[in-house]
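Chemist: Need coordinates for the following:
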Amino acid sequence: MGIREIPLFIDGQAVRSESSNWHEVRNPATQQVVARVPFATRDEVDRAVASAKAAFAGWRRVPLVQRMRIMLKFQELIRQNTEQLAGLITEEHGKTLPDAEGEIGRGLEVVEHACSICSLQLGEMAENAAGGVNVYTLHQPLGVGAGITAFNFPVMLPCFMFPLAIAAGNSFVLKPSEQDPSSTMYLVELAHRAGVPDGVLNVVHGGPEVAERLCDHPDIRALSFIGSTRVGSVLHERASAAGKRVQAMMGAKNHCVIMPDANRSQAINQILGSAFGAAGQRCMANSVLVLVGEAQQWLPEIVERARALKVGPGIDRQADLGPLVSRAARERVTGLVDAGVAEGAVLELDGRGIGVEGFPEGNFIGPTLFSGVNAGMRIYREEIFGPVLCVVGVDSLDQAIEFINANPNGNGTAIFTGSGWAARHFESEIDVGQVGINVPIPVPVAFFSFTGSRASKLGDLGPNGKQAIQFWTQTKTVTSRWFEPEHESQGINTTISL
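Modeler: Next up is the predicted model:
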């Protein structure tokens, strides 16, 4: 198979970019170039926004039932093409095929949720709020929305954005990651095959310049971002200053607490899957394990179970984790492991230098585990975004809560325990947006909102659930009063007073 040339998607058509700046997309298991993606020009970004703006005028008036039917067809097409989508994810991202299929399933949940748009976009009404006065709300589409997504979930993260946005009557411009764009483009193709009209969903590719143009463009009303804290903070400030509604889901340092009364086998299995699945490249991965009291004695078993995990290319369905997305990512993670050793953490399991037979050029790092980690170390302060687990020991649940709450991030956390009291105390006192109880990766189902907090999130409203409908619509409140017509000979009184 030849090298794919990734197009832009503007006004319902695949468009070859006129840009002179193209990025190579490599298979992270082999380093083979599988695609080339353009960094769109400013004019191409403006054309995409103009197409979305023109399409919005008609799309906003399409009946809710018709929009619902398009979403129903879209979810059907995703189901039918899961194998093709998963193959593209694995080829460009590197995650295992089962992991890629799981990602598609989570994205599909959001599309299924968008199929309920007829009830999701209902307003409220108070009859006779005052004498003869009715008050009601309308949830009307904003206009042109934009989305900027990270590389780690090239199907799920776009599904966190455009399905609900366009189901609510908006048009959209999407900028996916340039590191693995093919599965996103296939997803957009399926949306158009489902009946999304030309211009309602557009795609541009690029780096900082394209992202900044989306922030600045006067015709974009709302921007959704998922990515690093560094980039998200800049884009949130820039887009907010331009008068846009913004949601930014950003970095994390997620902790998992294991209590001594937890189901030992289940807890260890779940934390290993959370920490090392997708090679740790999840914003909701639990990268810090907090062992409470006697649970600290479980460390040798945790290390040995991690050592037994299989590293291999994503196409190997027996592999537990695949390669990192790029050479740069591998070098960054390796550098952080080096820093952990230099700062005095105990390297219980070293995944650097691991070899995978038949794939000598792959970006592989095996499961890596540190104990003796403290809050001052780089491996604790920074989001590693690789298969590295930091282990901390404390004497009590309250100490674990205090330790977690002192971290600036608040994306997700979890506790494994057999005690209802401990679970309730944890969920009440922890200052983190998403909490799992005997659940390692507490990403909510799609009809609940994604609710990261503190340094992990900027903006009041998150993706999915009710908050997404609020984010992508403008609430308009109408106060109405109607008078009975007077006798025609007396004329009509046009003065209205409350």
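Chemist: going forward, measure contacts and count neighbours with C-alpha atoms only.
Modeler: OK.
Chemist: Was I right to think Val292 contacts Asp261?
Modeler: No - contact criterion C-alpha atoms under 8 Å: Val292 and Asp261 do not qualify, at 9.9 Å.
Chemist: Give me the more crowded residue out of the two.
Modeler: Remark: of Val292 and Asp261, Val292 carries more neighbours, 22 against 13, as counted by other C-alpha atoms under 10 Å.
Chemist: Enumerate every residue touching Leu97.
Modeler: Ala86, Gly87, Thr90, Gly314, Ile315, Asp316, Arg317 (C-alpha atoms under 8 Å, 6 or more residues apart in numbering).
Chemist: possible to save the residues you listed as CSV with pLDDT?
Modeler: As requested, the contacts of Leu97 are arranged in CSV below (pLDDT from 0 to 100):
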residue, pLDDT
Ala86, 98
Gly87, 98
Thr90, 98
Gly314, 98
Ile315, 97
Asp316, 97
Arg317, 97
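Chemist: Which of the residues you listed fall within strands?
Modeler: If you go by DSSP state E, these have nothing in strands.
Chemist: Next step: those residues restricted to helices.
Modeler: Assigned to helices by DSSP state H, the following of the contacts of Leu97 qualify: Ala86, Gly87, Thr90.
Chemist: Check whether Arg238 really touches His217, as I assumed.
Modeler: No - judged on C-alpha under 8 Å, Arg238 makes no contact with His217 at a distance of 10.8 Å.
Chemist: list the contacts for the residue nearest the centre of the chain?
Modeler: The centroid of the chain falls nearest to Leu157 when counting by C-alpha atoms, centre = their mean (4.2 Å). Neighbour list for Leu157: Gly107, Thr149, Ala150, Ile226 [criterion: C-alpha under 8 Å, 6+ apart].
Chemist: Same check on Gly366?
Modeler: Val311, Asp350, Gly351, Arg352, Ile354, Pro387.
Chemist: Mind putting these into a markdown table with pLDDT, neighbour count and distance to Phe276?
Modeler: Formatted as a markdown table, those follow (pLDDT from 0 to 100; neighbours: other C-alpha atoms under 10 Å; distance: C-alpha to C-alpha, whole Å):
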| residue | pLDDT | neighbour count | distance to Phe276 |
| --- | --- | --- | --- |
| Val311 | 98 | 23 | 10 |
| Asp350 | 98 | 16 | 13 |
| Gly351 | 97 | 19 | 11 |
| Arg352 | 96 | 16 | 14 |
| Ile354 | 93 | 14 | 15 |
| Pro387 | 98 | 29 | 5 |
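Chemist: what element comes up after the least confident helix or strand in the chain by mean pLDDT heading to the C-terminus?
Modeler: The weakest-scoring helix or strand in the chain, judged by mean pLDDT, DSSP states H and E, is strand 453-454 (a mean of 93). On the C-terminal side of strand 453-454, the nearest following helix or strand under DSSP states H and E is strand 457-458.
Chemist: what's the helix or strand just after that following strand in contact with?
Modeler: Proceeding N to C from strand 457-458, the next assigned helix or strand is helix 465-472, under DSSP H and E. Identification of contacts with helix 465-472 by C-alpha under 8 Å, 6+ apart yields 113, 120-121, 139, 141-142, 145, 164-165, 168, 170, 222, 245, 446-450, 461-462.
Chemist: average model confidence for helix 465-472?
Modeler: Helix 465-472 carries an average pLDDT of 97.
Chemist: Off-centre distance for the helix or strand in which Leu157 is found?
Modeler: Here Leu157 is covered by helix 156-159, with elements defined by DSSP H and E. Centroid separation for helix 156-159 versus its chain: 6 Å, with C-alpha atoms, centre = their mean, to the nearest Å.
Chemist: so how many other residues sit close to Asp338?
Modeler: Residues lying near Asp338 (other C-alpha under 10 Å) number 14.
Chemist: Measure how buried the closest residue to Gly412 other than its chain neighbours is and give me the count.
Modeler: Nearest non-adjacent residue to Gly412, counting by C-alpha to C-alpha, 6 or more residues apart in numbering: Gln434, 4.6 Å away. Neighbour count for Gln434, taken as other C-alpha under 10 Å: 23.
Chemist: coming back round to it: so which of the contacts of helix 465-472 are in strands?
Modeler: Those of those mapping onto strands are His139, Pro141, Gly145, Ala222, Arg245, per DSSP E.
Chemist: Which one of these sits in the busiest neighbourhood?
Modeler: That'd be Gly145 among the ones in strands among the contacts of helix 465-472, by other C-alpha under 10 Å, with 31 neighbours.
Chemist: what sits against that one?
Modeler: Taking C-alpha under 8 Å, 6+ apart, we find Gly145 in contact with Ala165, Asn170, Ser171, Phe172, Val173, Ile220, Arg221, Ala222, Leu223, Ser224, Trp472.
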